[in-house]
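Novice: Sequence and predicted model, in that order:
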Amino acid sequence: MGRDVDVLQGTLNLLILKAISMGPLHGYAVLLRIEQMSGERMEILQGTLYPALYKLEAQGLIAGQWGESENNRKAKFYTLTAAGRKQFAAEQKKWADLSEVMGKILGTEGAA
Amino acid sequence: MGHPIRCCADGVGMNVGGRVWTMWRGLVRREQVGKEVREELLFHVEARAERLMGQGMAEADAQRRARVELGVMVANGAEVHRRVTGMRLLDETWGDVRYGLRGLWRNKGFALTAILSLAIGIGATTAMFSVVYAVLLDVYPYADAERTVNPIVHDPGEPDDWNWFLLNPAQYAVYKASPAFEDVFAQGNLTINFDDEGLSQTVRVTPLSANAWAFNGVPALVGRTLGPADGDMGGKSASTAVLGFKYWKRHYGGDREVIGKDFKAGKSMFKIVGVMPERFTLGGAPDMYMPLSAFAADKPHYIAFAKLKKGVTAEQASAMVDPMLHQFAKEEPTWIPKNFHARLQLLLEGFTARSKLLKNFPLLYMAVGSLLLIGCANCSLLLLARGTTRVHEFALRAAVGAGRARMVRQLLVECVTISVIGSVLGTGLAYVLARVPLILADDLFPTETVIRVNGWVLLVAVGTAVLAGVGFGLLPALKFSRPEIGGMLNATGRRTVAGGSGPLRLLVGVQIALTLVLLTVSAAAVGGFVRVMRLPLGYDPSNALVIGANLMKDVAKTWPERVALAGAMQDALRRVPGVVSASVADSYLPEGGNRGIVHFEGEDGTKESHFFSGGADLLKTLRIPLVRGRIFTEAEWRQGLPVVVVNETFARRLSPGREVLDRALVIPMLDASKDQTSPELLVRSPAVQGGKVRVIGVAADAMNDGMENPVAPEIYEPSTLSMWPYLPFVVRTAGEPHRMEKALTQALHSVGVKVAVYILPNSMQEMVEHENVWRTQRLVAVLLGLFALGALALSLVGLYSVAAYGVAQRRAEFGISMALGAPREGILRLVVLQNAWVIAGGALVGVLLALVVRTRFAAWSEGSSRSLATVVVAAGLLVVTALGASLVPAWRASRVEPAEALRAE
C-alpha cells in the first residue's frame, strides 16, 4: 500500500471531521474511513491520528463517548458536536475555495 | 471572492465550553483521563492487529506491527494527550508550585517572616488610607454634601458659639425661596417618642419633608424611600415609615421581609415601606423616618437644610439670608439670640473633629508609609538573602540542563506564592485594623461614617508588595544570565558572593532608620496621650453619673413643692445601697454648661461666667476641694438663700487684687423683674432680690470648658435659686455606676411623683473619655504605637535573618578559623561588629530623620514634647534590640564545631 498523497498540514483535521460527519466512529475506524474515501490512495500515519483527535476533542469540535465496537469490545466513539459541524462546514467551504484558486493558478482547474 | 484564503492555516476554531471541560478533567480527573487514553489505544492495537491477521499475518507479528505503527503513542499516550490538550504548562507550573511550597515549608521561619512582613505592611497601609478616605474625603453619603449648609447663626461676640435656628412653616417657605438656594428641605425639630404596642419601646423618629429624599439622593437599601404621596408638610395624616439601618438590624434582625409590615404607633397604624442604608443617618441616626405630616404640632418648627446654588459660597448665602433672618427674629423672638449674624455652616464644618484629625493624619500617613516600606524591604531582604544562598542550587540545576526560563519561573512561582499569601493575610488585617478608629473613637466621626476597606487602596498596596516581592525575588535569577555556572558551582557557599551583602546591608540600614523615626513619633504620641489622661481635671469623674427627673405637667409647679421634691429625691438616692454620695447637681463637666453674665454690685463692667447649680453636697460629691470660706448648707439650700461659691479662676480674674469672699454679685438671670425666661416653667426663690447674691466660698479650679481650654470662671449656686421642671443629680457609687442604673431609677420613682427618669448614657468618666482631645490623642497614640511596634518587630526579624544568613554562609570559614586556633570571642566579635556598622549607620540616619520630622510635625502633633529625650531613648532601645538580634546568630557562629562545619562541605 503506497502513499500516494501526503497529507497537507492542517488538512488532517478536516479529513477527520469529514469522516466523523457521516456517523460516530472509533479511532481506528476513522483511519479506515479516510483511507476508503480516498480510494486507498491516502494513508494516515497512525501515530498522528490520536494527537489530532485529542486536540479536536479538547477544542470541543468532536465529542468522545465509550460504546461497543462491532465485535463487542469497549471502544471510544467520536461524534461531531454542534460547534464541530459548523467548523466542518466552514473548513469545507474554505478548502473548496482554495482548490479552486490553486486550480486556476496552476491551470489545472478541477484537478484537486 | 469574499474572503482571502489563508493557506495551510490550522484553522480550527474553538469551543470555550469544551476547552474548559477538558482542562477541568485534565486537572481533577487526571488518572481517569490517562486510563481512558490507554484503553482507547489498546483497542486500536487490537483492532489493527485483527485486521492484519485478516490479511493473513500471524497473531504475534500482527500485534507487534500494530504497536510499531502507533509508534510513540503506545508508551506515551497519556503524556501526548496532556501536551496536545495544553495541560503540560499547567503540569510544570504545578510542579514549580509544589517544589516552591516544599521549599517554603522547609524554611518555615523564612517564609512566615516574609509573609507576615508583607501582610503587616499591606494591612496597615490599606486600613489607614481607607480611614482617611472615609473620614476626610467621603464623609457624607448625601448628594452634593459639599454644598449643603446647616442653618446656623452666631453671636458676633462669641465666634465659637453656634446656634441652630428653627423656622415656622411661613418662614420656611420664605427661606426656601431664597435665590441663594437650589433646594431646601425640612426636618422636624423634635424626635418623637412613642410606645410600640404597649411594649413601652421608645422609638426615635425623624420626620422629613417629602423633598428631603430627592434632595439627599440616597436610595433605599430595601424597599423605597418616601415621596409626596406619603405625605409632606401640611395635613395630619401619614401611614408610612422608612427604617434606619441600625434599628432595622437591631429590631428586625435585618429581615428583608419587613417591607409591608404594619406597626402601631400611638393611635395610628404605620406601614414599613423601606430601609435606609447604613450610612444614611440623617437627623442623628434615628430609628425611623416618617413624613412631616405624621406629627402635626400646634406650632410646628423645622430645621431647614439648604443646598447652595452652584457658585454661591456659604458666606454669600449667609449675607443673602441675614436680613430675612432678622425679620424672622422680630416675628418670633423666642429662639434666636438678641444679637446675631447668619452663618450658614457647610456640613463638613460641622464635623469638628475633622480638623483635629487632619492635623494628625500626615503623621499617620508617614507612619504607615514607612511600615509598608519596611515590610517590603523585609520581604526583599529575606528573598535576597535566600537567593544568594541558593546560587549553588541553581547553578547545579543549570549544569544538568535546566533552562534559564524554567529557573526564573521557579523563582517567580516562589515569590508569587509568598506575595499572594502575604496579600491575603494583609487584606484580612486591613479589615480588622480599619475598625480600630471606630471602636476607639466612634463619636469623633459623624454618624454617617462607615469605614470600609477601600478596594483601590488595597490594590495599590498589594501591587506594591507583590512588585517588591517579585522584583527582589528575581534578582538572583539575573545572575544566571552570565555563563559562569562553573564558577558558581565552585563557590559552594564557602566564599559566597560578597556582592550580595551590599544591598542587604543597605536595606537593613534603611529599615533601622525608618523604624527609629516611627519609634520616636509614636513615643511622642503616647506621651501626648498620657499627658491628656493625667490632665488634672480638678474633679473626680470615676464611678459618677448624672441622673435626672423630668417633671410631668402639673407636678410640683410651685417653688416650695419643687424644692421639697428635689430634697426628697436626693435623700432617696443617698439611701440606695452602693451610693457613696449624691447631690443635686446640673453637671456638664468637663464641657461646662450654662454661661451667663454677672457683675459685682456697684461696678459697671459685666463679666462672663459659667454657672453650676447644685445642692449642699455638690462639691463633696464631685470631690472639688474648697479653698477658703464655705459652701452653702443644706438649710440654706432649702431656703433658697442667695449665697454662692466661686472657683479660683473667678476670684483671680474677676476680682483681681481684692478678696472675693463676702463680695456681692448681681446675676441678671436671677432677677425675676428683668429676666422673662419661660415664667410658666421656671420657678424662683423668693429670697433672691434683684439678682443679688453673696460670695461665701472659693473652690479649687475644675475643668469646665472642655479639656483643651483653660478653666473658665465658675459660680456654684444653690439649685433652689431658680428651678426648671427638671431635677438633675450627680451620684457617686462604690462600683461601676451603670450597674446601679436600675436601683437609682427606682429610687427616683419611689418618691411617688410622676416623673420621667433620664440617665445620661455616658458616666462622667466616659464623658471625659468622649472628649475630642482625649479620643484623638488615644486614637493617634494607639495607631502609632501599633505601627511602631510592628516596624520594630519587622526590622529586628529582618536584621536577624540577614545576620543568620551571613553566618550560615560563612560557617565553613569560621570552622577553618577556629580549627586554626581563632578564639570563639573573635568570631563573636567579628559577626557583631559587621552588623554593628549597619546598625550604627541606620540609627544615625534615623536620628537625623527623626529630628527633621519632629521640627516639621511638632506643630501638627499636639502635645508632643520637643525634647531630645524621646529620640535618644528610642535610638537606644533600637540599637540595643538590634544588637541583640544580631548577637544570636553570632553566638551560634562562635559555637560551631570546626570538624562538623568542615564535614558539612
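Specialist: Structure received.
Novice: And the lengthiest helix in chain A, how far out from the chain middle?
Specialist: Longest helix in chain A by number of residues (criterion: DSSP state H): helix A:82-106. Centroid separation for helix A:82-106 versus its chain: 13 Å, with C-alpha atoms, centre = their mean, to the nearest Å.
Novice: Which secondary structure elements does it sit against?
Specialist: Helices and strands touching helix A:82-106, by 3 or more C-beta pairs under 8 Å, 6 or more residues apart in numbering or on different chains; DSSP states H and E, are helix A:11-21. C-beta here means a position set from N, CA and C on the backbone, and glycine is covered the same way.
Novice: Would you mind pulling the contact partners of the helix it packs on?
Specialist: By C-beta atoms under 8 Å, 6 or more residues apart in numbering or on different chains, the residues outside helix A:11-21 that reach it are A:7, A:25, A:30, A:33-34, A:37, A:44, A:48-49, A:52-53, A:55-56, A:61-62, A:78-80, A:84-85, A:87-88, A:91-92, A:95, B:10-12.
Novice: can you give me the helices in the stretch 551-700 of chain B?
Specialist: Ranges of helices within the stretch 551-700 of chain B are B:559-575, B:618-622, B:634-639, B:648-654, based on DSSP state H, counting those that start in this stretch.
Novice: Identify each buried residue in stretch B:280-297, please.
Specialist: B:280-283, B:285-295 (16 or more other C-beta atoms under 10 Å in any protein chain shown).
Novice: dump the residue contacts of the closest residue to chain A within the stretch 201-350 of chain B.
Specialist: Among all residues of the stretch 201-350 of chain B, B:R256 sits closest to chain A, at 41.2 Å; criterion: C-beta to the nearest C-beta. Shown in contact with B:R256 (C-beta under 8 Å, 6+ apart): B:V222.
Novice: Ramachandran coordinates for the residue in chain A positioned nearest to chain B?
Specialist: Nearest residue of chain A to chain B (C-beta to the nearest C-beta) works out as A:G60 at 1.8 Å. Per-residue torsions, A:G60: phi 80, psi 20 (degrees, to the nearest 10).
Novice: That one against B:W21, yeah?
Specialist: Yes. Contact criterion C-beta atoms under 8 Å: A:G60 and B:W21 qualify, at 7.3 Å.
Novice: Which one's more surrounded, the two?
Specialist: Shown here are A:G60 and B:W21; by other C-beta atoms under 10 Å in any protein chain shown, A:G60 has more neighbours (22 against 15).
Novice: On the pLDDT front, check the residue of the stretch 201-350 of chain B closest to chain A for me.
Specialist: pLDDT recorded at B:R256 is 90.
Novice: do B:A901 as well
Specialist: The model reports B:A901 with a pLDDT of 66.
Novice: repeat for B:I715
Specialist: pLDDT at B:I715 comes out at 95.
Novice: Flag every buried residue along the longest helix of chain A.
Specialist: Applying a neighbour-count criterion of 16+ other C-beta under 10 Å, one finds A:A83, A:G84, A:Q87, A:F88, A:E91, A:K94, A:W95, A:L98 buried in helix A:82-106.
Novice: Check those residues against B:L626 and report the nearest one.
Specialist: Minimum distance to B:L626 across these is 96.1 Å, recorded for A:A83 (C-beta to C-beta).
Novice: pretty sure that closest one is in contact with A:I62, am I right?
Specialist: No. Using C-beta under 8 Å, A:A83 makes no contact with A:I62, being 9.3 Å away.
Novice: which SS class is B:V768?
Specialist: At B:V768 the chain is in helix, as set by DSSP: H, G, I helix; E, B strand; the rest coil.
Novice: Roughly how far does it sit from chain A?
Specialist: B:V768 is 71 Å from chain A, where distance means C-beta to the nearest C-beta, to the nearest Å.
Novice: do the same with B:A385
Specialist: Look at B:A385 and chain A: by C-beta to the nearest C-beta, they are 44 Å apart.
Novice: Figure out the helix or strand that that residue lives in.
Specialist: Assigned by DSSP states H and E, B:A385 belongs to helix B:353-389.
Novice: Enumerate the positions of that helix that are buried.
Specialist: Using 16+ other C-beta under 10 Å as the test for burial, helix B:353-389 gives B:353-354, B:356-357, B:359-361, B:363-364, B:366-389.
Novice: what does stretch B:674-693 give?
Specialist: Those would be B:D675, B:L682, B:V683, B:R684, B:S685, B:V688, B:G691, B:V693, for stretch B:674-693 by 16+ other C-beta under 10 Å.
Novice: Now find how far off-centre it is within its chain.
Specialist: For stretch B:674-693, the distance to the chain centre is 48 Å (C-alpha atoms, centre = their mean).
Novice: pLDDT of that stretch, averaged?
Specialist: For stretch B:674-693, the per-residue pLDDT averages 84.
Novice: Residues touching it, excluding its own?
Specialist: With C-beta under 8 Å, 6+ apart as the test, stretch B:674-693 has contacts from B:557-559, B:562, B:601, B:639-644, B:664-673, B:717-718, B:720-725.
Novice: Check the separation of the first and last residues in that stretch.
Specialist: Stretch B:674-693 has an end-to-end distance of 16 Å (criterion: C-alpha to C-alpha, to the nearest Å).
Novice: From A:Q36, how far off is the closest residue to B:T225 other than its chain neighbours?
Specialist: Among residues not flanking B:T225 along the chain, B:W213 sits closest, at 4.2 Å (C-beta to C-beta, 6 or more residues apart in numbering or on different chains). Going from B:W213 to A:Q36 by C-beta to C-beta, to the nearest Å gives 78 Å.
Novice: what about those two, which has more around it?
Specialist: B:W213 (24 against 12).
Novice: Show me what the helix or strand harbouring that one is packed against.
Specialist: Using DSSP H and E, the element containing B:W213 is helix B:212-216. Judged by 3+ C-beta pairs under 8 Å, 6+ apart, helix B:212-216 is in contact with strand B:181-188, strand B:302-308.
Novice: got JSON lines for those strands, with mean neighbour count too?
Specialist: Compiled in JSON lines, these are given as follows (neighbours: other C-beta atoms under 10 Å in any protein chain shown):
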{"stretch": "strand B:181-188", "mean neighbour count": "22"}
{"stretch": "strand B:302-308", "mean neighbour count": "22"}
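Novice: TSV for those, including distance to A:K18 and mean pLDDT?
Specialist: Shown next, in TSV, are the helices and strands packed on helix B:212-216 (distance: least, C-beta to C-beta, whole Å; pLDDT from 0 to 100):
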stretch	distance to A:K18	mean pLDDT
strand B:181-188	73	90
strand B:302-308	73	90
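Novice: Could you export those as TSV, including distance to chain A?
Specialist: TSV is the format used below for the helices and strands packed on helix B:212-216 (distance: least, C-beta to the nearest C-beta, whole Å):
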stretch	distance to chain A
strand B:181-188	58
strand B:302-308	58
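Novice: Adding distance to B:V149, write those strands out as TSV.
Specialist: Formatted as TSV, the helices and strands packed on helix B:212-216 follow (distance: least, C-beta to C-beta, whole Å):
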stretch	distance to B:V149
strand B:181-188	9
strand B:302-308	5
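Novice: Average pLDDT for stretch B:28-46, rounded please.
Specialist: Across stretch B:28-46, the average pLDDT comes to 83.
Novice: Kindly report the same for stretch B:758-768.
Specialist: Averaged across stretch B:758-768, pLDDT comes to 80.
Novice: Determine how far that stretch lies from the middle of the whole chain.
Specialist: 23 Å.
Novice: residues in contact with it?
Specialist: So stretch B:758-768 is in contact with B:537, B:541-550, B:587, B:589-591, B:707, B:730, B:737-738, B:741, B:744-745, B:770, B:774, going by C-beta under 8 Å, 6+ apart.
Novice: from what I can see B:V831 touches B:S886, true?
Specialist: Yes. Using C-beta under 8 Å, B:V831 is in contact with B:S886, at 7.1 Å.
Novice: more neighbours, these two?
Specialist: B:S886 (27 against 23).
Novice: how far away is that one from B:R829?
Specialist: Counting by C-beta to C-beta - B:S886 and B:R829 are separated by 12 Å.
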